[in-house]
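# the sequence and its predicted three-dimensional model are supplied below.
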Amino acid sequence: MPITGDLVANNGDALLAAAVAGQGIIYQPHFIVAEAVVQGQLVVLELDKPLVELGGIHLLYPADRRPPAKVRVMQ
């Protein structure tokens, strides 16, 4: 089913705010929407298809720079 609308964003917090304000349905990770679901601001919809497994989060950065301390992997 084609979906149309006026709002386009690539920021989870902006999409969350729009959904809480009644602007539509969002597909976001649990950590972004959990509090709004617990507070009853959002309702979880069951999908008729399995979720897409993304396989992890990847980070790219220039070879001549080290990543910030926040994103370094601790060993």
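Cool, the structure landed. Numbers count the residues shown, from 1 in each chain.

# show me what contacts the residue most central in space within the chain?
Nearest residue to the geometric centre of the chain (Cα atoms, centre = their mean): Gln28, 3.5 Å. Gln28 is in contact with Gly12, Leu15, Leu16, counting by Cβ atoms under 8 Å, 6 or more residues apart in numbering. Where you see a C-beta, it was placed from the backbone N, CA and C, and this is true even at glycine.

# and the pLDDT for it?
Gln28 carries a pLDDT score of 89 in this model.

# that one in helix, strand or coil?
Gln28 falls in the coil class when you classify it by DSSP: H, G, I helix; E, B strand; the rest coil.

# what about the contacts of Gln28, which are in helices?
Taking DSSP state H as the definition of helices, the contacts of Gln28 contribute Gly12, Leu15, Leu16.

# can you redo the contacts of Gln28 as TSV with pLDDT, neighbour count and distance to Val33?
Formatted as TSV, these follow (pLDDT from 0 to 100; neighbours: other Cβ atoms under 10 Å; distance: Cβ to Cβ, whole Å):
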residue	pLDDT	neighbour count	distance to Val33
Gly12	91	14	8
Leu15	94	21	9
Leu16	95	19	6
